[in-house]
Each structure stands twice: as C-alpha cells, then as structure tokens.
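Novice: next one to model:
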Amino acid sequence: MSRSSVRSQARDRGFALLIVLWSLVLVTLLTTQILSNGRTAMHLATNLRDVAMARASADGAINEAIYHLVSTGPDAWQPDGTAHVLNVGGMAVTVRVDSFAGKINPNLASTALLAGLFQAAGAGPNQAQTMANAIIEWRSPAPSQQETQARIAAYRHAGMPFGPPGRGFDDLGELADVLSMQPALLAAAMPYMSLYQSADPDPSRADPIVRHALAISGQAGSSSAAFDGSFPVDVIEAEARGKAGLAVRRNAVVSISGADAAAPYEFLALTGGY
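Specialist: Residues are numbered from 1 along each chain as shown. Here you go, the predicted structure:
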C-alpha cells in the first residue's frame, strides 16, 4: 500500500472519530436538556400539587370555623381575632375570625358619620364634610336631569372623564374616584370601612377610630334601613403552611344566621390562595 493511501485512510479515520465525538457531545447535551426539562416539570408539578393541597386545607379550615361560628355550645367561637390552629388534611392551618360589626359602610352611613370618620382619620371639619358630601352625592341618584348635568360638569372640571353613578359602591377602591377625595385621608379611613356591614357600627366591636367617629357624629351612624341582609357578617382568614415553608392564605366573608336558620350561613366572598 502506498504512503499516500495510508495517509488518506488515517485522515478518514480521524474524520470519523471527530464525527463520533461530536455526536456524543450532541447526545450528551440533548440528554442533559431533557433531564433538566423533566426536573423542571416535576418541580412545577410538585409546587402545583402542594399549593392545591394547602388551598384545600385552608378551605377545610374555613368550613370548620363556620361550624364553630354557628355553634352555641362550648364549641362556639367568638369573632375576636383569636388565632386557632387546626390540623386539616395533615397540614397546620391558622384561622382567625373577625367581625365587621365595628366598621362603617359607606353605602349606608350618614353624612355625619362619614364626616366623623374622616375627622377621626385626620381631616379638618370642613374638609371632612366636603368629602362626606361627595360620597353621598356619588351613591345617591340625582333628583333631576339638571342636577345630573351639574354633577358631571363638576367632575369634568376636575379633569375626570366620568361622573357620580348615583348608586352604591361595588368596591371600596371606587372611593378613590370620588370628587374631592384626598388619597392620604382615604388611606387612613379605609381600614375602618366595609361594604358588608349592614347595620350601625357596634361600639363594643369597633376600633377607637370608629368610636371617635361615632362620638363626633353624635348619632348611631346609619341613614338607611334598606339593608341587604341583617345577620352578623364575619371575615375568616385561614393560612395553611405546607412543605418548604409554602403558605396559602384564603379569606372568606360569611353572613352568619345561626344553627337554627334554614340557611345557617352564606358565603359573600372567598378570595386568595391562587
């Protein structure tokens, strides 16, 4: 065999070896990628499972809390913010129940009570009255078309592309859209409001700010008896802690009518845990 043939065969074997090596590298990279994707998918699936389990445990704890709220015997709970630790589905869940009885409903409160709340939150008397009047105007139908146009014009003059709808608030966040509303004062007053409270604030369950507002207003607080339900309304907060410190919080707003009622309770809202 000639020397050139030997060199040619050696070169071919070198190319073949190089191709094999590159193929091994490619296969290794593909295998690593597949395994990595598999681990990522497994990790994601595990997280989704853990969240679902924690959420189910939190919901179970909320239902157990409702049982204690409708009970009248030794199992009864009071909506006083006490932390109760339950074991639901092998998971520790911390449950707290608070009452809305001490809060002020801006859809029902009188002008005097709203003004009292803003004063208690730090507004001056005139500013508090202006803000309270604006809330009443927002939630009340205009008595005439002329008044409707006047209200819209006032909002337009303030640079707002809308006017007061003449109906109650669907969300407390809508209060920020009310003319003359001061963000800092609204933020200070917001924790003492609730759209679920369907009666005058109960001073025995109220924060000192609300009690101060009641004192300033000089009246019980509500200007309307047209309540959509009159049973106590409580908020239940359940926090379930799963593996690796995973925490899921669920909040339920529940109207409690009692164990003897045809419908002992009604869910008004259920949020969180997503």
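
Novice: for the stretch 101-250 of the chain, which segments count as helices?
Specialist: 111-120, 125-139, 145-157, 183-189, 208-217 (DSSP state H, counting those that start in this stretch).

Novice: from residue 182, how far out is the residue lying closest to residue 183 once chain neighbours are set aside?
Specialist: Among residues not flanking residue 183 along the chain, residue 176 sits closest, at 6.9 Å (Cβ to Cβ, 6 or more residues apart in numbering). In short, each C-beta sits where N, CA and C put it, glycine included. Look at residue 176 and residue 182: by Cβ to Cβ, to the nearest Å, they are 10 Å apart.

Novice: and if you look at residue 87?
Specialist: On the measure of Cβ to Cβ, residue 87 and residue 182 end up 47 Å apart.

Novice: compare the two and say which is more crowded by neighbours.
Specialist: residue 182 (17 against 10; other Cβ atoms under 10 Å).

Novice: got a list of what the more buried one touches?
Specialist: The contact partners of residue 182, by Cβ atoms under 8 Å, 6 or more residues apart in numbering, come to 123, 127, 131.

Novice: and for the second one, the neighbour number?
Specialist: Put plainly, it is residue 127. By other Cβ under 10 Å, 16 other residues sit near residue 127.

Novice: doesn't residue 121 make contact with it?
Specialist: No - at 10.7 Å, residue 127 does not count as touching residue 121 under the criterion of Cβ atoms under 8 Å.

Novice: so what's in contact with the two at the same time?
Specialist: Taking Cβ under 8 Å, 6+ apart as the criterion, residue 127 and residue 121 both touch residue 185.

Novice: and what about the spatially closest residue to residue 266 that is not a sequence neighbour, helix, strand or coil?
Specialist: Leaving aside its chain neighbours, residue 266 sits nearest to residue 255 (4.5 Å; criterion: Cβ to Cβ, 6+ apart). Here residue 255 is strand, with the state taken from DSSP: H, G, I helix; E, B strand; the rest coil.

Novice: quick check: bridge partners of residue 255?
Specialist: On the basis of DSSP bridges, residue 255 is bridged to residue 233, residue 266.
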